[in-house]
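[1] Can you look at this prediction? I've put the sequence above it.
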Amino acid sequence: MSQETLQKLLPILRNFDLRGVATDAEPWGSGHINSTFRVTVDQSGLPVHYILQGINRHVFPNVPKLMENIQRITRHLAAKNPQDARATLTLVNDHHGNPFWENPADGGCYRLYLFIEGASTVDAVSSPEQAYQAARAFGAFQCALADLPGGPLFETIVDFHHTPKRFQKFLAVLKEDKQGRAALCQKEIDFALAHEKECAIVVERLADGRLPWRVTHNDTKINNVMLDDKTGAGVCVIDLDTCMPGSVLYDFGDEIRTTTASAAEDEKDLSKVNFDLNLFRALIQGYLSTAGGFLTPEEKRLLPFSGRLLTFECGLRFLTDFLEGDVYFRTHREGQNLDRCRTQFHLVAQMEAKEAEMNAFVQ
């Protein structure tokens with residue numbers, strides 16, 4: 001199977017500066033947006049690994065600007081860590097010196113990275129130490145990019161975390177109720193309506209300057225941090241496609257959302273869905289160990305709230321999609337988006353109940 005994969009990829013790989021002969025290729029990782037493969041290249045008898053990705057142009061239509069973002073970020077991080085080749089992703093140019101190659105036949109776009117050896121990703125946090133290391137890595141990533149020169153990055157997905165606009169779409173879909181589903185989720189609708197005022201807290205503070213604009217990752221799941229195979233330490237932040245201007249609260253809030261839940265995102269039995277305060281404390285400790293020096297007092301104050309905001313926003317998106325007829329998020333069974341909404345709103349309620357304890361950890 002790997003040789004079949006290699007034969008399919010060879011016409012693409014020939015356009016990059018491999019400095020050797022590709023001998024093997026296999027699908028890699030658990031991402032759902034881009035097509036990812038690990039490629040083995042024989043360089044004078046030494047096997048060297050690369051990561052080849054086919055970029056999803058439906059999600060990221062402006063590939064040149066996307067890759068300009070990634071090139072700026074990786075060069076800046078490499079300059080800050082010249083002795084550590086694993087500290088950031090390293091792009092391999094095509095034969096014309098470009099950071100990606102576009103197939104003139106079908107418009108498909110591809111990029112190549114050096115493979116980071118001796119480190120792996122996990123899809124779920126299994127211990128407070130893993131949560132600590134991931135948060136520490138994301139904090140270091142943000143801190144290193146706080147002085148990125150050249151002006152704001154390109155916005156690869158417009159209004160990605162603009163919660164008030166997400167709420168306005170929810171209201172419009174609810175009013176129309178094309179699928180006649182509103183009667184099936186009145187409790188969730190009422191929960192959403194009761195939280196409208198909190199939607200604009202970060203957006204308003206960014207607009208009036210109370211919160212600074214930062215370079216943010218916007219997809220801070222545990223599997224976007226490479227962890228050292230021996231020590232477990234965070235080595236490198238990966239998947240840089242959604243890096244763009246935003247608030248650090250978006251990143252830390254999504255870390256809370258994706259790390260601290262005790263059950264799957266679509267768990268039907270809400271008694272199994274609990275907010276893990278110990279994992280939250282590990283996140284706070286790890287994140288502030290690297291990011292604490294550059295955050296403003298207002299950013300630090302809102303760190304616990306960011307978890308509620310991002311969890312609510314995600315639940316709101318699931319609810320909106322359920323009302324609209326499951327047109328955005330892929331579903332495998334009836335009512336799955338509603339179940340996803342319910343787990344997120346259940347977590348929000350638990351975070352609200354533990355707000356004092358969360359604030360005390362930050363202090």
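    Ah, there it is. Residues are numbered from 1 along each chain as shown.
[2] which ones are touching Cys109?
    Cys109 sits next to 54-55, 57, 63, 100-103 when contact means Cβ atoms under 8 Å, 6 or more residues apart in numbering. Bear in mind the C-beta positions are built from the backbone N, C-alpha and C, glycine included.
[3] Take these and lay them out in JSON lines including neighbour count.
    What follows is those, written out as JSON lines (neighbours: other Cβ atoms under 10 Å):
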{"residue": "Gly54", "neighbour count": "16"}
{"residue": "Ile55", "neighbour count": "21"}
{"residue": "Arg57", "neighbour count": "14"}
{"residue": "Val63", "neighbour count": "20"}
{"residue": "Phe100", "neighbour count": "21"}
{"residue": "Trp101", "neighbour count": "20"}
{"residue": "Glu102", "neighbour count": "17"}
{"residue": "Asn103", "neighbour count": "13"}
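[4] In helices, which of the residues you listed fall?
    Residues from those lying in helices, with DSSP state H as the criterion: Val63.
[5] Can I get the contacts of Cys109 in a markdown table including pLDDT and distance to Arg301?
    Written out in a markdown table, the entries for the contacts of Cys109 read as follows (pLDDT from 0 to 100; distance: Cβ to Cβ, whole Å):
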| residue | pLDDT | distance to Arg301 |
| --- | --- | --- |
| Gly54 | 95 | 42 |
| Ile55 | 95 | 38 |
| Arg57 | 91 | 40 |
| Val63 | 97 | 38 |
| Phe100 | 97 | 40 |
| Trp101 | 97 | 46 |
| Glu102 | 96 | 45 |
| Asn103 | 93 | 49 |
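[6] in this structure, what spans have low per-residue confidence?
    Using pLDDT under 70 as the threshold, the predicted model of the chain has low-confidence ranges 1, 31-32.
[7] just the helices in it please.
    2-13, 63-80, 128-144, 163-176, 186-194, 201-208, 248-259, 277-291, 297-301, 303-324, 336-353, 355-362.
[8] Of these, flag the one that's most buried.
    helix 248-259 (a mean of 26; mean count of other Cβ atoms under 10 Å).
[9] one step back: can you lay out the helices of the chain as TSV showing distance to Phe115?
    As requested, the helices of the chain are exported to TSV (distance: least, Cβ to Cβ, whole Å):
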stretch	distance to Phe115
helix 2-13	14
helix 63-80	15
helix 128-144	18
helix 163-176	36
helix 186-194	43
helix 201-208	36
helix 248-259	25
helix 277-291	25
helix 297-301	35
helix 303-324	31
helix 336-353	33
helix 355-362	37
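[10] Looking at those helices, which is nearest to Thr231?
    Between Thr231 and these, the shortest separation by Cβ to Cβ is 8.9 Å, and it involves helix 128-144.
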